[in-house]
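Asks: the sequence isn't on hand, but the structure is:
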């Protein structure tokens, strides 16, 4: 692999962690968030400031994770007050609030961003291995959560909050846990991005970034771990493979997001499922009996 | 004097927000969709108004033609984009709408270029003195247009058969249908009026800065969403008050806490604060 492929693969890995985080909140627990990039930003800025102060890499990334998770927990409290469309707009507001604060603070670099972030001290390939180790870890974690009792409760909350409450599921606690876990993952992604890019701009964490993450989750199929991973890989690499798309990147994102919701709201995962049903109807029929 | 000036600036912005947000809140009241792509229609209105005005030299013609074309575009958007996904969970329409908006912005950029267009002879640029405060004609025009259009809308909805059918459908579509109201027609009308209003707002905003650019819909898009949430989703009166309130708060906020938060962040900080205290918005409709 050349330098170019290595850095591309690193970006894919970071985006997967970011998207899996949103999948935890929106996919598993059904709480729509339009401000995921803000938590990515909280993680990245925390990590950048600590790194510049001389904190070693594992500690800086861990601090990014904790700070993003803590802010996520606070925003999660909002999900106890407002629901559905109100929550979507509130989280969107959190994203704008984050940008507004970052842009006006000298200590956070303002409009100019933070530069001169120290190197990770690893070779590019070693850093890629670290990123993919974390990708594997969070993928396994997501799959484990999905199959656990907690995933079952998330499903209930996503499906019908009131019924879940009647069934004595502690809806509020599960929402908070989903927000804390999902945003902490965004924080890790932010920390990894900091050491990768070594230069942060406020706009990297704006509304468009939030929408990009959301499109990865929505195109993959909301709630499907493998669907989200596949969609993230495709959406991250697409502009690179098709150079001519690069200028039309946002047009393709927007159209794809619209087309998937309009024609296949269950995303790639839903398409794959119906394809399998068509090719081998007897298998899925057996499964249903079982 | 400063206070009065800030207040008036706030009300001018507020009346612009009101004209945009009313269309959004009408769509929400009827279909329960957060219609983000509304801001794409706002930008389209700005472009069409500018192109027609530049071609014919008449702002009135540009405004009328733009409002009608954008109104029809809004109806098409409902038919092609929203109608097929109405029975899906609400996030489907929301995400589809965001996708549509992003795609529209990019199409504007590719078709009209990234730097925006300007009026050849910008109309309504003369200065008017009002209560000792210098205003531009375009700013005054914005306020007058808002009062006239929203006043007409309120008159129509209260006093005509169509208006009554409209309100009945918003109230309860099933019952309205059983009384013989064609609820589908009401939806088309709704999109036509809402989108036409957005086009007028787009033209006035472009007159204020003498610039139409692909991203001009961005900030109003998100702020209008904040406004309709503040006003209690689907509540027209609440939306109007919230628009003016937000305009004024922004005007004062940028002066007093502008060093901590920028203009957009002030709007959303206010939104979040209000929602945490009153999760149903400032004014509950039903």
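Replies: Cool, the structure landed. Everything quoted here is computed from the prediction, not taken from an experiment.

Asks: going forward, measure contacts and count neighbours with C-alpha atoms only.
Replies: Noted.

Asks: pLDDT (mean, whole number) over stretch B:45-53?
Replies: The average pLDDT for stretch B:45-53 rounds to 90.

Asks: helices of the stretch 101-250 of chain A, start to end?
Replies: Along the stretch 101-250 of chain A, counting by DSSP state H, counting those that start in this stretch, helices occupy A:124-147, A:149-159, A:161-166, A:171-197, A:207-220, A:225-241, A:249-263.

Asks: just so I know, which of those lies nearest residue B:79?
Replies: Closest approach to residue B:79 among those (Cα to Cα): helix A:249-263, 12.1 Å.

Asks: who in chain B is up against chain A?
Replies: When proximity is defined by Cα under 8 Å from any Cα of the partner chain, chain B lies next to chain A at B:34, B:81, B:84-85, B:90-93, B:95-104, B:106-107, B:225-226, B:229, B:259-266, B:268-269, B:271-272, B:275-276, B:279-280.

Asks: what stretches of the stretch 101-250 of chain B score poorly on pLDDT?
Replies: Residue ranges of the stretch 101-250 of chain B with pLDDT under 70: B:130-131.

Asks: residue of it closest to chain A, please.
Replies: For the stretch 101-250 of chain B, the residue closest to chain A is residue B:103, as judged by Cα to the nearest Cα, at 4.5 Å.

Asks: wait, what's in contact with that residue?
Replies: The contact partners of residue B:103, by Cα atoms under 8 Å, 6 or more residues apart in numbering or on different chains, come to A:250-255.

Asks: got a PyMOL select line for the buried ones in these?
Replies: Buried residues among these (16 or more other Cα atoms under 10 Å in any protein chain shown), as a PyMOL selection:
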select buried, chain A and resi 250+251+252+253+254+255
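
Asks: of the contacts of residue B:103, which is the nearest to residue B:242?
Replies: Among those, and counting by Cα to Cα, the member closest to residue B:242 is residue A:254, at 29.9 Å.

Asks: how far away is that closest one from chain B?
Replies: Distance of residue A:254 to chain B, given as Cα to the nearest Cα, to the nearest Å: 4 Å.

Asks: thinking that residue is in contact with residue B:97, fair?
Replies: No: using Cα atoms under 8 Å, residue A:254 is not in contact with residue B:97; the gap is 9.1 Å.

Asks: what about the helix or strand where residue A:100 lies, distance to the chain center?
Replies: According to DSSP states H and E, residue A:100 maps onto helix A:84-104. Distance of helix A:84-104 from the chain centroid (Cα atoms, centre = their mean, to the nearest Å) equals 16 Å.

Asks: which ones are touching the closest residue to residue B:199 other than its chain neighbours?
Replies: The shortest distance from residue B:199 to any residue other than its chain neighbours is 3.8 Å, reached at residue B:45 (Cα to Cα, 6 or more residues apart in numbering or on different chains). Residues in contact with residue B:45 (Cα under 8 Å, 6+ apart) are B:66-67, B:70, B:196, B:198-200, B:202-203.

Asks: try it again with 7 Å
Replies: Counting by Cα atoms under 7 Å, 6 or more residues apart in numbering or on different chains, residue B:45 touches B:66-67, B:70, B:199-200, B:202-203.

Asks: now swap in residue A:48 and tell me
Replies: A:117, A:194.

Asks: which stretches of chain B form strands?
Replies: Taking DSSP state E, the strands of chain B run over residues B:127-130, B:133-136.

Asks: and the first one, which strands flank it?
Replies: Taking DSSP bridges as the criterion, strand B:127-130 sits next to strand B:133-136 (antiparallel) in its sheet.

Asks: buried residues, the partner strand. List them.
Replies: For strand B:133-136, burial by neighbour count (16+ other Cα under 10 Å) applies to B:135-136.

Asks: can you give the distance of that strand from its chain's centre?
Replies: Strand B:133-136 sits 24 Å away from the centroid of its parent chain (Cα atoms, centre = their mean).

Asks: how about stretch B:232-243?
Replies: Offset of stretch B:232-243 from its chain centre (Cα atoms, centre = their mean): 12 Å.

Asks: residue A:68 touches residue A:43, doesn't it?
Replies: Yes: under the criterion of Cα atoms under 7 Å, residue A:68 makes contact with residue A:43 at 5.2 Å.

Asks: got the residues of the stretch 101-250 of chain A near chain B?
Replies: Residues of the stretch 101-250 of chain A found near chain B (Cα under 7 Å from any Cα of the partner chain) are A:101, A:104, A:250.

Asks: make CSV out of the residues you listed and add pLDDT.
Replies: Listed next are those as CSV, based on pLDDT from 0 to 100:
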residue, pLDDT
A:101, 85
A:104, 79
A:250, 78
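
Asks: look at residue A:242 and report its pLDDT.
Replies: pLDDT for residue A:242: 69.

Asks: for the one 4 residues further on, same thing?
Replies: The model reports residue A:246 with a pLDDT of 67.

Asks: would you mark the buried spots in stretch B:16-32?
Replies: For stretch B:16-32, a neighbour-count test (16+ other Cα under 10 Å) marks B:16-32 as buried.

Asks: can you check stretch B:84-101 too?
Replies: By neighbour count with 16+ other Cα under 10 Å, stretch B:84-101 contains the buried residues B:85, B:90-101.

Asks: equivalent analysis for stretch B:55-67, please.
Replies: Of the residues in stretch B:55-67, B:57, B:59, B:62-67 count as buried by neighbour count, 16+ other Cα under 10 Å.
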